[in-house]
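[1] no sequence on hand, only this structure:
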């Protein structure tokens, strides 16, 4: 098999997009790579790296400006139809018909691809078996969870047997459990059926599971090779530091990030994992690490990736975010109290008597798979849904009777970009400033603050819907912080964001928390739980485990896994609870 | 209070920006009502000036020829055929080759000369009852002229009662004079209602409504902020139609603009209220659009725009009481053509007030109770 020519050969690809009223974007700038038969190849890179453009070129949906691209030995430019007949492509947002059932969607795609009745009889059982969607055949696609939709999309893509499967960010917005299931499916396809798969992802831990990785950045290939080769680039640069008793991992991480020699630092299991630019024991940054235990560790893919990326991009030195108005109250004072909170939709219990407390200046993380009740809880906390029963006090007021003045103390950033698309950045900021009763000098000052803090200056006149993804998120944050809220609600703020954007996002969030702003956040990224002071893991409407990240990890410790990661802990907790429920 | 007012203003400004920033949506708000007023002004007319007819003259006399000549000479009728047999009538009517058939019997002239009077049979294509009725009416007036001429020539005594008609407010009885003032309300209703319903549904669909609800906005402030821009757009549209009526069709405006706009404001308030009520029921933009479309049809058919309300069955007339367009059309017509003052329009104004109050409070109740 491997003696054959590669399944996909790209040579010096160039692609440029003309934008209306703006300068054109060079999406690809001389990209060359190969993907071999029977292997799993990943395109990895931050937003705007050119991953989707490459995918669409390979699926013969776009024309190449310059360079050559051959797929399955066929030149894309000469015979796009033949390529399309032999490959399958799953775009980021797969075109499922939400008003059709699972079975009807599958039938529709089988019809579109002209799969015979015999072919279906053979293929369907395998697809249902693989995706575990069998029991949901007659459910409407619109009522499936995010993970199940992706699985159905994959099943529809695979109604015929392609020679090459292209997957564009298949796991965006999918919770850890569904993500793992999706990956099991993909790996099974490669290992057992010898399928050739090329996928793109912004999740670095996923790239680690592929046999060949192409790192893209701003339309150029930074590096390529096996994940081990990428990781090896950071060999000798990686360390773990244990914070002192008085110091939080987050505070130490922030200090380390301020060091010019430090490439990357993330909280990791109560410690701080960091990568420095120079090799060897860190002497230069000793004052940040004074008296702390520092141990070298083996590099991971992510470390290698960050090393590479830092050579390409100067790390943005963020001005530490500053709150101009000190937040009222004492640290440690409970600002959110939830007691036996219940929410029913008809006969369905979405949130089942949950209780927790959030103290001032804390970062509180609500974790859980899709459909766990996180969003419902969140919406009740923000006053967007009325609880069926239970107590809910936010910033000292009962949310149910919360007046407009109580709402003025909250900030809310929705999961989806939820500002006004047709309006410019400045018009959005002005509207939300007025909505929160800011006027005159103070309004100008706050808008100036937000513009500077979130680096929106050059985009002030840009129509919001045309902002690049990362800037939309910044604008949403800026709008939610204009009135200096005491409590900030963030619903899946980093979903779909690339590693760089996520790091600068958390840098801002931790700085806000250090100045007394209480942050309540939901997330799918388990590593991000490490930034939180307290977390609550939810499933089926119940809180399964809560406490500091260290405590939650501690509880999931087993003999087989003495040092569980947050993701391990999460999966263990959820699966235990589900097993217990199934047994009962 | 000031805070509240400033918030409403901020929302109004945002709504107007969102609608007016885009050139396409800016044009789509102003151009269609004006163009529609122009087109309907020409299209929506009951006045007939070209009626096809066939003659079945079985008398072949001087009198029958004189009658047919009078019909031909009226300028309205065009004779398309001279039939020979009664069985041809059905052929011509069925194939729509003639709208009318005039049948003159064998003894027509003899009966007239004997002084007894004769029958003229008119067979009309009743499939379009409106046109047929109008055409038959025209035949009637031609026959009346013929009677007068024949009577004079043959020394008949004139009939005891003679009808002399003068149509006030529309001396030439042009349908256009009647239709276009009615359009002012009709054309603005569609877009005002839809604009309001869609603007809330769009926010719901795109998630910005949640963002709005977590700000200090109170429900009534959101409603006011949504109602004002739509009413402003509606006023501009109504003005556009008004200008078409006066500047293009030269229909003289008899009333006071103040009275007209006062009535329109109440009407727009009711229309916006219904739009808000729809938006509180609709979950998506598609639903909001569908619901508005469902209402537009009955609203315009049961408004008295084309067919008089007084000729509808009683129960239907009661039903039209909840149709804001019915009052708007009455107001615009009476103010425009008669110059009626506010005091005489009370019977239209108070139901509009009631409708606005009901729909707005209904919408505000729904707003608060949808967050269940």
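    Sure thing, it's come through. Worth saying up front: this structure is predicted, and the values here are computed from it rather than measured.
[2] and the stretch 301-450 of chain A, which residues reach chain B?
    Those residues of the stretch 301-450 of chain A that sit near chain B, judged by Cβ under 8 Å from any Cβ of the partner chain, are A:379, A:382-386, A:404-405, A:407-408, A:410, A:412, A:414, A:416-423, A:427, A:430-432, A:434-437, A:439. Bear in mind the C-beta positions are built from the backbone N, C-alpha and C, glycine included.
[3] next: the stretch 451-584 of chain A.
    So far as Cβ under 8 Å from any Cβ goes, the stretch 451-584 of chain A lies against chain B at residue A:489.
[4] ranges for the strands of the stretch 451-584 of chain A?
    Assigned by DSSP state E, counting those that start in this stretch, the stretch 451-584 of chain A shows strands spanning A:487-491, A:518-523, A:534-539, A:542-547.
[5] closest to residue A:254 out of those?
    Residue A:254 lies closest to strand A:518-523 among these, at 14.7 Å (Cβ to Cβ).
[6] which residues sit against the closest one?
    Around strand A:518-523, the neighbours that count as contacts under Cβ atoms under 8 Å, 6 or more residues apart in numbering or on different chains are A:335-336, A:358-368, A:374-375, A:378, A:381, A:486-495, A:509, A:512-513, A:529, A:532.
[7] wait, is residue B:38 part of a helix?
    Yes: under DSSP: H, G, I helix; E, B strand; the rest coil, residue B:38 sits within a helix.
[8] before we move on, back to that, Serialize the strands of the stretch 451-584 of chain A to CSV and add fields for mean pLDDT and mean neighbour count.
    Below are the strands of the stretch 451-584 of chain A laid out as CSV (pLDDT from 0 to 100; neighbours: other Cβ atoms under 10 Å in any protein chain shown):
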stretch, mean pLDDT, mean neighbour count
strand A:487-491, 92, 24
strand A:518-523, 91, 25
strand A:534-539, 91, 26
strand A:542-547, 91, 19
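[9] tell me which of those strands approaches residue A:96 most closely.
    Proximity to residue A:96 (Cβ to Cβ) singles out strand A:487-491 among those, at 23.1 Å.
[10] check whether the longest helix along chain B contacts chain A.
    Using DSSP state H, we find that the single longest helix of chain B is helix B:175-206. Yes: judged by Cβ under 8 Å from any Cβ, helix B:175-206 comes into contact with chain A through residue B:206.
[11] three-state assignment of the closest residue to residue A:220 other than its chain neighbours?
    With sequence-adjacent residues excluded and distances taken as Cβ to Cβ, 6 or more residues apart in numbering or on different chains, residue A:220 is closest to residue A:29, at 5.1 Å. At residue A:29 the chain is in strand, as set by three-state DSSP.
[12] how about the helices of the stretch 251-372 of chain B, start to end?
    Assigned by DSSP state H, counting those that start in this stretch, the helices in the stretch 251-372 of chain B fall at B:257-281, B:285-301, B:314-319, B:324-333, B:346-369.
[13] so what's the gap between the shortest one and the chain middle?
    I take that to be helix B:314-319. Helix B:314-319 sits 18 Å away from the centroid of its parent chain (Cα atoms, centre = their mean, to the nearest Å).
[14] what's that helix in contact with?
    B:302, B:309, B:310.
[15] try it again at 7 Å.
    The contact list for helix B:314-319, computed with Cβ atoms under 7 Å, 6 or more residues apart in numbering or on different chains, reads B:302, B:309.
[16] buried ones in the longest helix of chain B?
    Using 16 or more other Cβ atoms under 10 Å in any protein chain shown as the test for burial, helix B:175-206 gives B:176-206.
[17] please name the nearest non-neighbouring residue to the residue nearest to the spatial centre of chain B.
    Taking Cα atoms, centre = their mean, the centroid of chain B lies closest to residue B:305, which sits 2.8 Å from it. Distances taken as Cβ to Cβ, 6+ apart place residue B:182 nearest to residue B:305, at 4.7 Å, with adjacent residues excluded.
[18] distance check, that neighbour against residue A:339.
    61 Å (Cβ to Cβ, to the nearest Å).
[19] thinking again about what came up before, now the residues of the stretch 301-450 of chain A next to chain B: which count as buried?
    Buried residues within these, counting neighbours by 16+ other Cβ under 10 Å: A:379, A:382-385, A:407-408, A:410, A:412, A:414, A:417-423, A:427, A:430-432, A:434-437.
[20] from those, which land in strands?
    In strands, defined here by DSSP state E, the members of these are A:410, A:412.
[21] show me how chain A divides into domains.
    A:8-224, A:231-312, A:415-484 (automatic domain parsing).
[22] pick out the shakiest of the ones you listed, pLDDT-wise.
    Ranked by mean pLDDT, the domains of chain A end with domain A:231-312 at the bottom, a mean of 79.
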